[in-house]
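> Structure for the following, please:
(2 chains)
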Protein chains: 2
Amino acid sequence: MRRRFFVAGAVASTAALRVASPAWAQGDPLPSWNDGPNKRSIVDFVTRTTTPGGRDWIPLPERIATFDNDGTLWTEQPMYFQTAFAVDRVKALAPRHPEWRTTEPFRSILADDRTELAQLGEKALLEAVAATHAGVTTEEFKKIVLDWLATARHPRFKRPYTDLVYQPMLELLAWLRANQFKTFIVSGGGSEFMRPWTERTYGIPPEQVIGSSGVTRYVMQSPDKPVLLKEARVEFVDNGPGKAVGINQYIGRRPYFAFGNSDGDQQMLEWTAAGDGLRYMGLVHHTDAVREYAYDRNSPIGRLDTAWDEAVRRKWTVVDMKNDWKVIYPFELR
Amino acid sequence: MRRRFFVAGAVASTAALRVASPAWAQGDPLPSWNDGPNKRSIVDFVTRTTTPGGRDWIPLPERIATFDNDGTLWTEQPMYFQTAFAVDRVKALAPRHPEWRTTEPFRSILADDRTELAQLGEKALLEAVAATHAGVTTEEFKKIVLDWLATARHPRFKRPYTDLVYQPMLELLAWLRANQFKTFIVSGGGSEFMRPWTERTYGIPPEQVIGSSGVTRYVMQSPDKPVLLKEARVEFVDNGPGKAVGINQYIGRRPYFAFGNSDGDQQMLEWTAAGDGLRYMGLVHHTDAVREYAYDRNSPIGRLDTAWDEAVRRKWTVVDMKNDWKVIYPFELR
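Numbering: from 1, shown residues only, chains lettered A, B, ... in the order given. Model prediction:
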């Protein structure tokens, strides 16, 4: 165990450096971002808040940056990647659960009813995840996630899901950290689904990953060998107002920088904006059907509607993926 | 707000350095600890786990150390300091709540029934805290805590409560951090009661403070001005098995080093011990009635009974405060 995690940590650091160093040498910390007002708004914010003696300077311990995950750091179409994971788990476990053929969301999953599936909210998804993992320990769950990531492939790109992270956001994360911002994920996805791989993929350690969670129970499995057993109950839904609640509960400081992509991130941005001093609020608008996906107000997944209106009204940044990003995925660079 | 937090952060760093530097110059990272097997067990653990190439070396990102707060980092007698805080809040708010004269725990609090009070468990205490703060925002609560700390005095020592932290533990925290351990508080106390002052007092930032918590609700107080309103419901009790659950939920990694002082810390130590590789489990035994307090198996506060037996059986460190600590409080050094 220890060895794997160390390797993961080392890879994360190296990746972050590899991403950022050549750019910095050329004076551009965000080489995959096209020049324009959105890129400039980021550079301007980081410059102003990290210039010693400047009016907007932020003390080091307060440099908190929060990022949504699905649709903000990696792709979320044609379904949340965690939904794909849950689908595979339900299918694998179905023989032991004949009752699933007639109860939702299991019926739709087993019937490959993609229209129904696409409509499933995060709560239903979490119920499916929780149900398929009741009686599994947290350690076993971690292994199940890593095993799945090693073999599962995205239906369109035919690549591991962790390949489908956004290169411009990796650069942004690395640059913020180089400026002593502490980067957090604040996602509606499950924290135990994300934590096994976020350090390697984003350079974000488990203790900086806030997500939805299920109830766990402390059980002494054998003498002196306690485990945490995952129960089939949702404990916390880290979405919408829950993101502001979660930020307060887990971090206890208000972010100065926050990025999301959907209405589920609206309150996180509002909560960020309500702090004093200079704050940065950003949304990713999915506008690139060729290189990624194009969707907003009418999408059942990652709907961007009221948050978009608020962003326009309050002059928050709305990234136009098609025009702002030179590159979408890291594999395009190779 | 920003300025105060920066000052706090700066003070914390300076304090940590001041505590530790002269000691390191003399080759002793823990000058307030008497020589003996307990001090040696700590030095031995840190040396073995941080020696590059050593068999017990721990990769940097995995260096997680967790500490209970009440009775482990600061005094918890004659009542939990948060109980004293709640008592003062109940008295201040009593005129608005005539019903409190006949309902517990308010009746005992208003009647100054110390015997009853001492028996109140942490859940009852949290109920009192939650009730006295319903309708208050998280920002207001922070201010109430800081205002209280500025004026309240401990009944025996006649000093601010934050003066009653343990000098040997401050040295231990600073030394662990100097060895790249990330230090966390994992306490049955309220996270929002601790976070306003832990950075200044212990050098532990809010995002590394895990505690019990109440429900908060996201409310738009005025246009574009959201607040988090504290409700009168307990959300999470971070004690006993809850400490293992909380460590998994908030940190997502297993500690390598854990220190507590009571049966409420037993599962945190068991959870730590169940990891692979070298781990450190420690308990503070309150044996010094002259300089602090002496209590264990029969104390309603900080009872040390089953955890003590387990520590002896499994050869975990049990610090004998009277004999192991040269100094209890930082003010003794001045």
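
> can you pull out the strands in the stretch 151-300 of chain A?
Residue ranges of the strands in the stretch 151-300 of chain A, as given by DSSP state E, counting those that start in this stretch, are A:182-190, A:209-222, A:225-236, A:257-260, A:280-287, A:294-295.

> Can you tell me which residue is spatially central in chain A?
Geometric centre of chain A, nearest residue: A:Asn69, 1.4 Å, by C-alpha atoms, centre = their mean.

> how far away is it from B:Tyr295?
When C-beta to C-beta, to the nearest Å is applied, the distance between A:Asn69 and B:Tyr295 equals 47 Å. Every C-beta, even on glycine, is put in place using the N, C-alpha and C of the backbone.

> what residue ranges in chain A are flagged as low confidence?
Within chain A, the stretches with pLDDT under 70 are A:1-26, A:118, A:120-123, A:125-126.

> Could you rerun that using 80?
A:1-26, A:114-131, A:133-134 (pLDDT under 80).

> So which residues make contact with stretch A:240-252?
Residues lying outside stretch A:240-252 but in contact with it, judged by C-beta atoms under 8 Å, 6 or more residues apart in numbering or on different chains, are A:64, A:66, A:68, A:184, A:186, A:188, A:210, A:212, A:236, A:238, A:254-255, A:263-268, A:270-271, B:138, B:191-192, B:195, B:206-207, B:209, B:213, B:216-218, B:226, B:228, B:235, B:250.

> Buried residues in that stretch, which are they?
The neighbour-count criterion (16 or more other C-beta atoms under 10 Å in any protein chain shown) identifies A:240-252 as the buried residues of stretch A:240-252.

> ok, back up a step: isn't the residue nearest to the centre of chain A right up against A:Phe193?
No - under the criterion of C-beta atoms under 8 Å, A:Asn69 is not in contact with A:Phe193, lying 9.7 Å apart.

> before we move on, back to that, from the contacts of stretch A:240-252, list just the buried residues.
Neighbour-count burial (16+ other C-beta under 10 Å) is assigned, among the contacts of stretch A:240-252, to A:64, A:66, A:68, A:184, A:186, A:188, A:210, A:212, A:236, A:238, A:254-255, A:263-268, A:270-271, B:138, B:191-192, B:195, B:206-207, B:209, B:213, B:216, B:218, B:226, B:228, B:235, B:250.

> who in the stretch 51-200 of chain A is up against chain B?
A:Ile58, A:Pro59, A:Leu60, A:Pro61, A:Glu62, A:Ile64, A:Thr138, A:Lys182, A:Ser191, A:Glu192, A:Arg195, A:Glu199 (C-beta under 8 Å from any C-beta of the partner chain).

> okay, those in a markdown table with distance to B:Asn34 next?
A markdown table is the format used below for those (distance: C-beta to C-beta, whole Å):
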| residue | distance to B:Asn34 |
| --- | --- |
| A:Ile58 | 43 |
| A:Pro59 | 38 |
| A:Leu60 | 36 |
| A:Pro61 | 34 |
| A:Glu62 | 39 |
| A:Ile64 | 40 |
| A:Thr138 | 39 |
| A:Lys182 | 37 |
| A:Ser191 | 42 |
| A:Glu192 | 43 |
| A:Arg195 | 41 |
| A:Glu199 | 40 |
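
> So which of these are in helices?
The helices, defined by DSSP state H, take in A:Thr138, A:Ser191, A:Glu192, A:Arg195, A:Glu199 from these.

> and the gap between the last one and B:Ile42?
What it means is A:Glu199. Applying C-beta to C-beta to A:Glu199 and B:Ile42 gives a distance of 28 Å.

> same thing with the third one?
Note on A:Glu192: its distance to B:Ile42, by C-beta to C-beta, is 32 Å.

> With the fourth one instead?
A:Arg195 sits 29 Å away from B:Ile42, going by C-beta to C-beta.

> ok, now the second one?
In this structure, A:Ser191 lies at 32 Å from B:Ile42, with C-beta to C-beta as the measure.

> A:Asp44 now?
Counting by C-beta to C-beta, the gap from A:Asp44 to B:Ile42 is 48 Å.

> Comparing those two, which residue is more hemmed in?
Neighbours per residue, other C-beta atoms under 10 Å in any protein chain shown: of A:Asp44 and B:Ile42, the larger number sits with B:Ile42, 22 against 14.

> Surely that one touches B:Tyr280?
Yes - when contacts are counted by C-beta under 8 Å, B:Ile42 is listed as touching B:Tyr280 (7.2 Å).

> Find residues that contact each of these two.
Overlap between the contact sets of B:Ile42 and B:Tyr280, as judged by C-beta under 8 Å, 6+ apart, is given by B:Thr317.

> could I get the strands of the stretch 151-300 of chain A as TSV with distance to B:Trp148?
Putting those into TSV (distance: least, C-beta to C-beta, whole Å) gives the following:
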stretch	distance to B:Trp148
strand A:182-190	29
strand A:209-222	29
strand A:225-236	29
strand A:257-260	31
strand A:280-287	34
strand A:294-295	50
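
> Any idea how many residues pack against A:Asn261?
The tally of other residues near A:Asn261 (other C-beta under 10 Å) stands at 28.

> Around chain B, which positions in the stretch 201-334 of chain A sit nearby?
For the stretch 201-334 of chain A, the residues in contact with chain B under the definition C-beta under 8 Å from any C-beta are A:205-209, A:213, A:216-218, A:224-226, A:228, A:235, A:241, A:244-245, A:248-253, A:267, A:270-271, A:273-274, A:276-277, A:314.

> In helices only, show me those residues.
The subset of those located in helices under the criterion DSSP H comprises A:Pro241, A:Ala244, A:Val245, A:Gln267, A:Glu270, A:Trp271, A:Ala273, A:Arg314.

> Check these and tell me the two furthest apart.
Between all members of these, the longest pairwise span (C-beta to C-beta) is found for A:Val245 and A:Arg314 and amounts to 21.3 Å.

> Can you tell me the closest non-neighbouring residue to A:Phe81?
A:Tyr161 (4.7 Å; C-beta to C-beta, 6 or more residues apart in numbering or on different chains).

> A:Ala150 is in contact with the one you found, correct?
No - assessed by C-beta under 8 Å, A:Tyr161 is found out of contact with A:Ala150, at 10.4 Å.

> more crowded one of the two?
Just comparing A:Tyr161 and A:Ala150: by other C-beta under 10 Å the higher neighbour count belongs to A:Tyr161, 20 against 9.

> contacting residues around that one?
For A:Tyr161, the contacting residues are A:Trp74, A:Phe81, A:Ala84, A:Leu149, A:Ala152, A:Arg153, A:His154, by C-beta under 8 Å, 6+ apart.

> of all those residues, which two lie farthest apart?
Pairwise over the contacts of A:Tyr161, using C-beta to C-beta, the maximum falls at A:Trp74 and A:Arg153, 14.5 Å.

> Looking at those two now, which is surrounded by more residues?
When neighbours are counted by other C-beta under 10 Å, A:Trp74 comes out ahead of the other of A:Trp74 and A:Arg153, with 18 against 12.

> Please name the spatially closest residue to A:Gly264 (chain neighbours excluded).
In space, not counting the residues next to it along the chain, A:Gly264 is nearest to A:Asn239; the distance is 4.6 Å by C-beta to C-beta, 6+ apart.

> For stretch A:150-157, measure first residue to last.
Using C-alpha to C-alpha, to the nearest Å, the span of stretch A:150-157 from its first residue to its last is 15 Å.

> If we go by neighbour counts, what in it is buried?
Taking 16+ other C-beta under 10 Å as the neighbour-count basis, stretch A:150-157 is seen to contain the buried residues A:Ala152, A:His154.

> So A:Thr287 versus A:Met268, what's the distance?
Between A:Thr287 and A:Met268 the distance, using C-beta to C-beta, works out to 21 Å.

> quick revisit: if we take the ones in helices among the residues of the stretch 201-334 of chain A next to chain B, which one ends up nearest to B:Tyr166?
Nearest to B:Tyr166 among those, counting by C-beta to C-beta, is A:Val245 at 33.2 Å.

> A:Gly132 contacts A:Ala86, correct?
Check again: residue A:132 is Thr, not Gly. Yes - with contacts defined as C-beta under 8 Å, A:Thr132 counts as touching A:Ala86 at a distance of 6.3 Å.

> what's around A:Val290, how many residues?
Residue crowding around A:Val290 was assessed by other C-beta under 10 Å; the count is 8.
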